[in-house]
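Q: Sequence plus predicted model, see below.
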Amino acid sequence: MTPPRESYAQNARVLPPERESRTLRARESNVQDPRVQHSRTLTVLRTGPQTLIQDLGRPGNAHLGVPPSGALDVPSFELANRLVGNPEDAAALEVLLGGLSLRANASCTVAVTGPSTPVLVNGVLRDSPLHLTPDDTLTLGTPEGGLRSYVAVSGGITVPADLGSRSTDLLSGLGPAPLQPDDELPLGDPTGVPVGVDVLVPVQVPDELVVPVFLGPRDDWFDNPERQLREGRWTVSDRSNRVGIRLTGTALDRVPCRVGQELPSEGLITGAVQVPADGRPVVFLADHPTTGGYPVIGVVPEYVLPLLGQAPPGTRLRFTPQA
């Protein structure tokens, strides 16, 4: 049975220790300097369960303890930017479970991608991409077939960058804080021409995800890891978030000599399948910690991560070990 959306949304809001003070500092980047006039802005009216500013992240900073972050569903994110004439790496919005409402304070083009999501302008259902004039209100309904919608605006969102990225990182606290009502989002000047489309194919997460996994580096900690992964059955937990997909279901057994042992902390990458003490795997996503002390039984390939980032609680999952 699929857990209620409220439980997932509540978990998505949970912040790590010391986040409160970091949130306050990060939010200052969303408040505009009164000496600077921004002619192109959006005003946040409602955020839904969670709305974050994301781009393609800040990879290459693991030695500083900084996760890569960035949009979880990169193909949908890049598509939204292309549709409004932006470079693919321009900052946009990642909206969890809909509910976002924005007011345009300037003429702009907007695209909404990801799962099938109702898009309304001034209360009227519209197709995406679409044009907004000053004082128009854009509202997103609840997505179907996935979790996260992406909203790109011509010119991109130009909040200050941290370590070369405007992405919100919920684990480290880098980047702008999760959006709140009355936030003003500055927009850059459009640099490209919006792309018209007849049909947008929405993301649709299947009832069961079949996830390939390459074994290692610590598969030797487990009793016949290939068989256990192939025969195990799991469900996406409502405790999942941008840090990782937590799974309920089959508990993986260690080899007898590793039962009760601890592993020195090792580096982690996006897609790593870590197995905590209870034996139920966690697949790390973009905001994952850069080190961890539980054994990693395998790694899922990058092309699978967008669907994992869209998988609602209750989605069934099984692994297919790769040679």
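A: Ah, there it is.

Q: Quick one: neighbours of residue 46, just the number.
A: 14 (other Cβ atoms under 10 Å). Yep, even glycine has a C-beta here, placed from its N, CA and C like the rest.

Q: what's the spacing between it and residue 98?
A: 10 Å (Cβ to Cβ, to the nearest Å).

Q: what do you get for residue 268?
A: Distance, residue 268 to residue 98, by Cβ to Cβ: 31 Å.

Q: Comparing those two, which residue is more hemmed in?
A: Between residue 268 and residue 98, counted using other Cβ under 10 Å, residue 98 has the larger neighbour count: 23 against 20.

Q: What residues does that one make contact with?
A: Residues in contact with residue 98, defined by Cβ atoms under 8 Å, 6 or more residues apart in numbering, are 48, 117, 118, 140, 141, 142, 143, 149.

Q: isn't residue 302 right up against residue 271?
A: Yes. Residue 302 lies in contact with residue 271 (Cβ atoms under 8 Å); the separation is 6.5 Å.

Q: quick one: low-confidence parts of the protein?
A: 1-38 (pLDDT under 70).

Q: Please, where are all the helices along the stretch 101-250 of the chain?
A: Taking DSSP state H, counting those that start in this stretch, the helices of the stretch 101-250 of the chain run over residues 225-231.

Q: can you confirm residue 303 is in a strand?
A: No. According to DSSP: H, G, I helix; E, B strand; the rest coil, residue 303 belongs to no strand; its state is helix.

Q: which ones are touching residue 220?
A: Contacts for residue 220 (Cβ under 8 Å, 6+ apart) come out as residue 255.

Q: Of all the residues in stretch 96-113, which ones are buried?
A: Neighbour-count burial for stretch 96-113, counted by 16 or more other Cβ atoms under 10 Å, picks out 96-102, 104-106, 108-113.

Q: just the contacts of residue 98 now: which is nearest residue 80?
A: Proximity to residue 80 was ranked across the contacts of residue 98 by Cβ to Cβ; first place goes to residue 149, at 8.9 Å.

Q: Tell me which residues touch the closest one, please.
A: Going by Cβ under 8 Å, 6+ apart, residue 149 touches 94, 95, 98, 100, 112, 113, 114, 115, 117, 140, 143.

Q: 7 Å - rerun?
A: 95, 98, 112, 114, 115, 117, 140, 143 (Cβ atoms under 7 Å, 6 or more residues apart in numbering).

Q: For residue 69, state which of those is nearest.
A: Of the contacts of residue 149, the one sitting nearest to residue 69 (Cβ to Cβ) turns out to be residue 95, at 16.4 Å.

Q: In terms of secondary structure, what does the helix or strand containing that closest one contact?
A: If you go by DSSP states H and E, residue 95 is part of strand 92-96. Secondary-structure packing of strand 92-96 (3 or more Cβ pairs under 7 Å, 6 or more residues apart in numbering; DSSP states H and E): strand 50-54, helix 74-83, strand 148-153.

Q: Single out the most deeply packed of those.
A: Highest mean neighbour count of these: strand 148-153, a mean of 28 (counted as mean count of other Cβ atoms under 10 Å).

Q: tilt between it and helix 74-83?
A: Orientation check (axes from the mean of the first three to the mean of the last three Cα atoms, to 10 degrees): strand 148-153 against helix 74-83 gives 20 degrees.
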